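*Asks:* Pasting the sequence and the predicted model now:
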Amino acid sequence: MKVVSVRSPGGLDNLEILDREAPGEPGPGEMRVRIHASSLNFHDYLVANGSIKTEDGRIPMSDGAGVVEALGEGVDEFAVGDHVVSTFFPDWLDGRARVGNFRRTPGDGIDGYAREQVVARPQCFTRAPEGYGHPQAATLTTAGLTAWRALVVNGGLKAGETVLTLGTGGVSIFALQFAKAMGASVISTSSSDEKIERLKGLGADHTINYKSEPEWGKRVLELTDGHGADHVIEVGGPGTLPQSINAVRIGGHISLIGVLTGAAGEVPTAKLMAKQARLQGLIVGSRADQQDMVRALEVTGIEPVVDRCFGFDDIADAFRFEEAGRHFGKICLEF
């Protein structure tokens with residue numbers, strides 16, 4: 001079978017496509033899955049380019065979707081032929097957050113899904129939404145579940161509330177789709193007028209070009225009659241957090257998800273205190289959260305936004321496309 005290997009010291013030019021022996025029959029409590037798609041996340045990019053140091057030869061990619069090929073003794077949750085999608089934290093099954101690192105995350109601490117077959121425990125997967133193609137399903141592991149947890153699990157989103165999303169990456173697009181499906185109003189930002197038109201097409205009630213309006217937090221207050229957004233999907237980190245604090249309502253909820261502008265920086269603590277807002281960091285979610293999200297996707301009919309699919313051998317080009325930042329929604333590998 002084909003696999004991708006991240007060779008030390010990392011870098012997109014050091015991604016190797018290798019032929020390895022396919023896994024055999026699954027043992028008791030295991031199943032074999034034929035992987036057909038993965039989707040790119042910023043975390044995967046940092047592993048691939050060497051910014052996150054992993055074991056030499058690591059198989060990257062946290063997200064994987066495919067079909068169950070064989071079942072070991074004692075596995076009754078799935079059947080051969082079921083379409084499944086991987087979980088980000090295979091050992092976090094339910095309940096409160098239990099993981100604060102990536103030691104057991106596929107594509108980082110353990111081998112990921114840039115390979116054609118894998119033998120794993122059933123808890124490493126959930127079923128995929130009915131009718132989804134494999135690339136669509138592969139977007140759910142990281143981006144979809146992060147947005148779901150931010151708004152629904154942690155945020156307790158209610159119809160009539162206002163959600164602010166930043167940019168047009170996978171998490172932000174999913175947050176827009178979930179919010180609209182649940183009856184919320186959405187304000188979305190982008191630096192591209194072309195992307196802003198696409199955000200409107202997905203149902204964004206208001207849009208802001210943050211290049212022409214760098215004080216976009218003030219603009220959010222104007223659009224909400226001075227109240228501010230109930231929920232902020234904060235994917236930028238230190239470079240955008242001050243504006244997000246300006247934009248959030250008193251007592252609102254900011255989900256700190258990304259570090260696209262850096263891993264550390266100053267926080268306007270006095271303003272955050274005055275807003276009495278909840279600033280909550282999060283990393284994806286549990287298997288039970290993912291199962292709840294899959295049911296919601298089937299009920300609402302939401303379809304993930306996939307910008308472009310690349311072939312297995314073109315994984316380096318896929319990451320370069322992500323690096324350029326011109327995509328809208330998710331980038332996928334299909335194999």
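*Replies:* Yep, it's here.
*Asks:* Which residue, other than its chain neighbours, is closest to the spatially most central residue of the chain?
*Replies:* The centre of the chain sits closest to Ala143, judged by C-alpha atoms, centre = their mean, with a distance of 1.4 Å. Nearest residue to Ala143, sequence neighbours excluded (C-beta to C-beta, 6 or more residues apart in numbering): Gly170, at 3.2 Å. (Each C-beta comes from the backbone N, C-alpha and C, glycine too.)
*Asks:* if I look at the one you found, how far off is Ile233?
*Replies:* 11 Å (C-beta to C-beta, to the nearest Å).
*Asks:* How about Arg295?
*Replies:* Counting by C-beta to C-beta - Arg295 and Ile233 are separated by 22 Å.
*Asks:* okay, those two: which has more neighbours?
*Replies:* Neighbour totals were compared for Arg295 and Ile233, and Ile233 leads with 32 against 12 (other C-beta atoms under 10 Å).
*Asks:* Convert the host helix or strand of that one to CSV, retaining C-alpha atoms only.
*Replies:* Taking DSSP states H and E as the criterion, Ile233 maps to strand 229-234. Presented in CSV, the C-alpha positions along strand 229-234 are these (Å, rounded to 0.1, in the frame of the first residue of the first chain):
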residue,chain,number,x,y,z
ALA,A,229,-21.6,39.1,19.2
ASP,A,230,-22.8,36.4,21.5
HIS,A,231,-20.1,34.0,20.2
VAL,A,232,-16.8,34.6,18.5
ILE,A,233,-14.9,31.9,16.6
GLU,A,234,-11.4,33.2,17.2
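*Asks:* residues in contact with that strand?
*Replies:* 147, 150-151, 155, 157, 161-166, 171-172, 175, 179, 184, 187, 220, 240-241, 244, 247-249, 252-258 (C-beta atoms under 8 Å, 6 or more residues apart in numbering).
*Asks:* Recalculate using a threshold of 7 Å.
*Replies:* Strand 229-234 is contacted by residues 147, 150-151, 155, 157, 161-166, 171-172, 175, 187, 220, 240-241, 244, 247-249, 252-257 when judged by C-beta atoms under 7 Å, 6 or more residues apart in numbering.
*Asks:* any weak-confidence spans in the stretch 51-200 of the chain?
*Replies:* Along the stretch 51-200 of the chain, no part satisfies pLDDT under 70.
*Asks:* Thank you, goodbye.
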